[in-house]
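What follows is a predicted protein model with its sequence.
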Amino acid sequence: MSELVALGKAGAAVRKANDAGRAALVGYLPAGFPSYDGGIDAIKALIDGGADVIEIGLPYSDPVMDGVTIQRASEVALAGGLRTRDVLSTVEKVASYADVPVLVMTYWNPIERYGVDRFAVDFASAGGAGLITPDLIPDEGVEWSAAADKNDLDKVFLVSPSSTDERIKLTTAACRGFVYATAVMGVTGAREKPSDLAEPLVKRTKAVTGLPVGVGLGVSTADQAAAVAAFADAVIVGSALVKAAADSPAAVRELTEGLAEGVRREPSATAGR
């Protein structure tokens, strides 16, 4: 597999930022929160604020890896009647708004219920770039990998501080786009400081892959974004943006602009890459 193919759409966007001397900013917001239209407006504000890659969450009734903030947002979206087809239409509207890769972060059950091949086709037709699948490991993702390859979609799998070197090697070999390094052991949510486990995990991951490595879980401020940007190729922010979305699209844009400033700070721009 050539490096260009392995980078995919999201990885190419991350490398473009890296080539400019900084980490990329990856922003997460769930579809349908605080409403269907409000969710689209919030994601557009995320783009306007300077995010390089967008993650749209597919709300799920049993989000076991998510903290309270994202759980509650998912509950609001589902209570409002959001369905998978509405997530796809959200992707379509966001993808047509700007030339920014749009990934969907999803648990695997909704994709299985929709139909793996059918989802891949419909998602690609909507302009989606790929999936982040937190509860699907490459060993059990053969059907998804085949569908993703057929439809030119990124496959972003996760590594964690508890992953063995062998597991990291296997996982990164199955990725296209970038590798998602979870910085903490536990659920999502903003924290007072990034985990000390993040940098060693990035180093271990970079030892076995040439793909970009993004760090997620815990980043909520410009200072934290700058600290993570010192050693990661991409800084991934979720819960803090969801809290802002509960307020207004303007709040999302303001926070995103601060985070975008953080990933551009020196000396973090070139350290660790």
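Received the coordinates, thanks. The shown structure was predicted, so the numbers you read here are calculated from the model rather than taken from an experiment.

hmm, who's touching stretch 96-103?
9-10, 12-13, 44, 47, 51-56, 91, 94-95, 127-132, 154, 156, 177 (C-beta atoms under 8 Å, 6 or more residues apart in numbering). Every residue, glycine included, has its C-beta placed from N, CA and C.

Nearest spatial neighbour of Ala232, chain-adjacent residues omitted?
The spatial neighbour of Ala232 that comes closest, neighbours along the chain excluded (C-beta to C-beta, 6 or more residues apart in numbering), is Val215 at 4.2 Å.

show me what contacts that neighbour?
Shown in contact with Val215 (C-beta under 8 Å, 6+ apart): Ala181, Ala183, Pro194, Ala198, Leu201, Val202, Val228, Phe231, Ala232, Ala234, Val235, Ile236.

And for Ala31?
Gly39, Ile56, Gly57, Leu58, Pro59, Ala77, Leu82, Asp86, Val87, Thr90, Val91.

Quick one: the helices in the stretch 51-200 of the chain, in order.
68-79, 84-97, 108-114, 116-125, 142-150, 165-174, 198-206 (DSSP state H, counting those that start in this stretch).

pLDDT averaged over the third one - what is it?
Read that as helix 108-114. The average pLDDT within helix 108-114 is 96.

Who are the packing partners of it?
The contact analysis (3 or more C-beta pairs under 8 Å, 6 or more residues apart in numbering; DSSP states H and E) places helix 108-114 against helix 84-97.

what's the offset of the helix it packs on from the middle of its chain?
16 Å (C-alpha atoms, centre = their mean, to the nearest Å).

how about that helix: buried residues?
In terms of neighbour count (16 or more other C-beta atoms under 10 Å), helix 84-97 has its buried residues at Thr84, Asp86, Val87, Leu88, Thr90, Val91, Glu92, Lys93, Val94, Ala95, Tyr97.

so how far is Ala51 from the last one?
For Tyr97, the distance to Ala51 equals 12 Å [C-beta to C-beta, to the nearest Å].

go on, the second one?
Using C-beta to C-beta, Asp86 is found at 21 Å from Ala51.

hang on, the earlier thing: neighbour-wise, give me the winner out of the contacts of Val215.
Ala232 (34 neighbours; other C-beta atoms under 10 Å).

How is that one assigned, secondary-structure-wise?
Three-state call for Ala232 (DSSP: H, G, I helix; E, B strand; the rest coil): coil.

pLDDT wise, what is it at?
Predicted confidence (pLDDT) for Ala232: 97.

Could you do Gly39 as well?
98.

Let me know the helix or strand that it is in.
In this assignment (DSSP states H and E), Gly39 forms part of helix 36-48.

buried sites along that helix?
Buried residues in helix 36-48, counted by 16+ other C-beta under 10 Å: Tyr36, Gly38, Gly39, Ile40, Asp41, Ala42, Ile43, Lys44, Ala45, Leu46, Ile47.

Tell me the one of these nearest Ser162?
Using C-beta to C-beta, Leu46 comes nearest to Ser162 of the buried residues of helix 36-48, at 30.4 Å.

who's in contact with the closest one?
So Leu46 contacts Gly27, Leu29, Ile54, Leu241, Val252, Arg253, Thr256 (C-beta under 8 Å, 6+ apart).

can you tell me how far it sits from Leu158?
For Leu46 relative to Leu158 (C-beta to C-beta), the value is 21 Å.

picking up where we left off before, how about a markdown table for the helices of the stretch 51-200 of the chain, with distance to Glu266 added?
Output for these, formatted as a markdown table (distance: least, C-beta to C-beta, whole Å):
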| stretch | distance to Glu266 |
| --- | --- |
| helix 68-79 | 31 |
| helix 84-97 | 31 |
| helix 108-114 | 40 |
| helix 116-125 | 38 |
| helix 142-150 | 37 |
| helix 165-174 | 29 |
| helix 198-206 | 18 |
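
Of these, give the one that comes closest to Gln224.
helix 198-206 (10.6 Å).

and the closest one with helix 165-174, angle?
Orientation check (axes from the mean of the first three to the mean of the last three C-alpha atoms, to 10 degrees): helix 198-206 against helix 165-174 gives 70 degrees.

Give me the distance between helix 198-206 and the centre of its chain.
On C-alpha atoms, centre = their mean, the centre of helix 198-206 falls 18 Å from that of its chain.
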